[in-house]
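Novice: pasting the sequence and the predicted model now:
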Amino acid sequence: PMSAQLDRAQLEAFWMPFTANRQFKANPRLFARASGMHYWTPDGRQVLDGVAGLWCVNAGHGRKEITEAVSLQIAEMDYAPPFQMGHPAAFELANEVVKWLPDGLDHVFFTNSGSESVDTALKIALAYHRARGEGTRTRFIGRERGYHGVGFGGISVGGMVNNRKFFAAQLPGVDHLPHTHDLKHNAFTRGEPEWGAHLADELERIVALHDASNIAAVIVEPVAGSTGVLMPPKGYLKRLREICTKHGILLIFDEVITGFGRLGAPFAAEYFGVIPDMITMAKGLTNGAVPMGAVAASRQIYDAFMHGPEGAIELFHGYTYSAHPVACAAGLATQQIYRRDGLLTRARDVADYWADAVHSLKGLPHVIDLRNLGLIGAIELEPIPGKPSARAYDAFVRAFEKGLLIRVTGDIIALSPPLIIEKQHIDELFGKLADVLKG
Ligand code: PXG
């Protein structure tokens, strides 16, 4: 059990990820327990989870079925090698995931995180073109303000400046589409913005510059999450799809946050009616309980590899923990909960109530934009001059003190609650948030 009395010296050894270590360790915030919509601190304070942990605990915390499945699996078989060997749960989980996916995306490669899923998808794209005799297709196109994890592939195609600038060595041959965020045109839009579909046409310009024969894939998040919740303009994703198809370029949707019901459909591809060639996922795959990610690939991509001698390994890629039995057990139990409780379409039913709640914050001090889609919300705050991020960070700390967990990035507050959220939680969440914003 977590001790509430960790002293300053005990906090030192753990180098915390994406954290201001000195600031945190001077004033730590700890969680010790979680159930349903809530966390509890070591001293027993209840905190409403407004972000599903970190966009991952979609079915809510402490699901008994997952606990039991994981315990049984670890006792039955703790580990099995994934190369040239298999175990049943891996095949079962792949089939369950395929059932949620749009037709044609019917093969699943397992990883351990979103970052690994992105790396895997980029590598599959390169090897796919090569297998088809188009080995000159090596360039990737990402997008400004994209987030695709922290591997070298992901930061290269990503567009988060701080995640890139300290790490000069990146993939060569990467270009970026412009981001679609524009407060002048789209501030306070409910749902998908009307303005901005034409920004997809920038892809034509990039293709004209490099020639399609040199471009392997385009990767985007259907809804950009980490850089502040940027909704795709109406028609934008369809346009990207058309341009990719026209030029033989693979389209990869990074659905690490939009996958598993965040928008009210199992995947954003279905929600937007745009089918990519690959989908990367993680987070909600196991309800966050055990690390796991995956890449879904189209039949066409998979089939392109299934040539040559039968004894030849088709893809020289994989991880020691690909399809780990314990992760598969968590994943299978998670899919059963999603199916039984209809969770992957539940966001549809609460989306209007959620949207009203988000937009009820209009007019509060320093709120310069409000955005919503499915069970995602964003509140953009006017930065304090000369102190970017400070206003939102302050809101984050004060929300935590009031018993509410939010996520902030720059001066944007992001909300993505567990999909089990009820109206009373929505009221509580936005009541607390309004108090925080009022100062
Ligand atoms: N792609 C996307 C779209 C993500 O959102 C990753 C890849 C990387 O996944 P891993 O499992 O390697 O972390 C992510 C991760 C935030 C936040 O504040 C979001 C993520 C990670 C950390 C913070 O919104 N998403």
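Specialist: Here it is on my side, so go on.

Novice: so which bits of the stretch 201-350 of the chain are right by the ligand?
Specialist: 221, 225, 226, 254, 256, 257, 282 (CB under 6 Å from any ligand atom). For every residue, glycine as well, the C-beta is placed using N, CA and C.

Novice: the closest residue to the ligand within the chain - how many residues pack around it?
Specialist: Closest approach between the chain and the ligand, counting by CB to the nearest ligand atom: residue 114, at 2.2 Å. Residues near residue 114, counting by other CB atoms under 10 Å, number 29.

Novice: wait, doesn't it sit right on residue 293?
Specialist: Yes: Residue 114 sits in contact with residue 293 when judged by CB atoms under 8 Å, with a separation of 5.4 Å.

Novice: ok, residue 185 - contacts?
Specialist: By CB atoms under 8 Å, 6 or more residues apart in numbering, the contact list for residue 185 reads 193, 195, 196.

Novice: nearest to residue 55, of the residues of the stretch 201-350 of the chain next to the ligand?
Specialist: For residue 55, the nearest member of those is residue 257. The distance, counting by CB to CB, is 4.4 Å.

Novice: quick one: secondary structure of that closest one?
Specialist: Reducing the assignment to helix, strand or coil with DSSP: H, G, I helix; E, B strand; the rest coil, the entry for residue 257 is coil.

Novice: picking that back up, residues in contact with the residue of the chain closest to the ligand?
Specialist: Under the criterion of CB under 8 Å, 6+ apart, the contact partners of residue 114 comprise 148, 149, 254, 256, 280, 281, 282, 283, 293.

Novice: is the helix or strand hosting residue 378 up against the ligand anywhere?
Specialist: With elements delineated by DSSP states H and E, residue 378 resides in strand 376-381, which encompasses its position. No: looking at strand 376-381 against the ligand by CB under 6 Å from any ligand atom, there are no contacts, and the closest approach is 10.4 Å.

Novice: what lines up beside that strand in the sheet?
Specialist: Sheet pairing here is set by DSSP bridges, and for strand 376-381 it gives strand 367-373 (antiparallel), strand 412-415 (antiparallel).

Novice: pick the most buried one from those strands.
Specialist: Per-residue neighbour counts averaged over each of the strands paired with strand 376-381 give the maximum for strand 412-415, namely a mean of 25 (mean count of other CB atoms under 10 Å).

Novice: past it, which element shows up next along the chain?
Specialist: Moving toward the C-terminus from strand 412-415, the first helix or strand encountered (DSSP H and E) is helix 423-438.

Novice: which pLDDT value belongs to the spatially closest residue to residue 396 that is not a sequence neighbour?
Specialist: What sits nearest to residue 396 in space, not counting adjacent residues and going by CB to CB, 6 or more residues apart in numbering, is residue 408, at 4.6 Å. As summarised for this prediction, residue 408 has a pLDDT of 97.

Novice: strand partners of the helix or strand hosting residue 408, parallel vs antiparallel please.
Specialist: Taking DSSP H and E as the criterion, the element that holds residue 408 is strand 407-409. As defined by DSSP bridges, the strand partners of strand 407-409 come to strand 412-415 (antiparallel).

Novice: contacts for the partner strand, please.
Specialist: Strand 412-415 is contacted from outside by 50-51, 225, 228-229, 358, 376-381, 392, 395-396, 406-408, 429, 433, using CB under 8 Å, 6+ apart.

Novice: what is residue 175 paired to in the beta sheet?
Specialist: Listed by DSSP bridges, the beta-bridge partners for residue 175 are residue 141.

Novice: doesn't residue 139 make contact with it?
Specialist: Yes: in this structure residue 175 lies within contact range of residue 139 using CB under 8 Å: 6.8 Å.

Novice: ok, those two, which is more surrounded?
Specialist: Just comparing residue 175 and residue 139: by other CB under 10 Å the higher neighbour count belongs to residue 139, 23 against 19.

Novice: from residue 157, how far out is that one?
Specialist: Here the distance between residue 139 and residue 157 works out to 10 Å (CB to CB, to the nearest Å).

Novice: what is the burial count for residue 110?
Specialist: Using other CB under 10 Å, residue 110 has 26 neighbouring residues.

Novice: hey, C-alpha coordinates of the lowest-mean-pLDDT helix or strand in the chain in PDB?
Specialist: Across the helices and strands of the chain, mean pLDDT, DSSP states H and E gives its lowest value to helix 161-165, namely a mean of 87. This file holds the C-alpha atoms of helix 161-165, laid out as PDB (Å, rounded to 0.1, in the frame of the first residue of the first chain):
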ATOM      1  CA  VAL A 161       7.600  21.600 -30.800                       C
ATOM      2  CA  ASN A 162       8.900  20.800 -27.300                       C
ATOM      3  CA  ASN A 163       8.800  17.100 -28.100                       C
ATOM      4  CA  ARG A 164      11.000  17.700 -31.100                       C
ATOM      5  CA  LYS A 165      13.400  20.500 -30.400                       C
END
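
Novice: contact partners of it?
Specialist: Contacts of helix 161-165 (CB under 8 Å, 6+ apart): 147, 150, 155, 156, 158, 170.

Novice: re the thing from before, work out the gap between the strand holding residue 408 and the centre of the chain.
Specialist: 14 Å (CA atoms, centre = their mean, to the nearest Å).

Novice: appreciated, that's everything.
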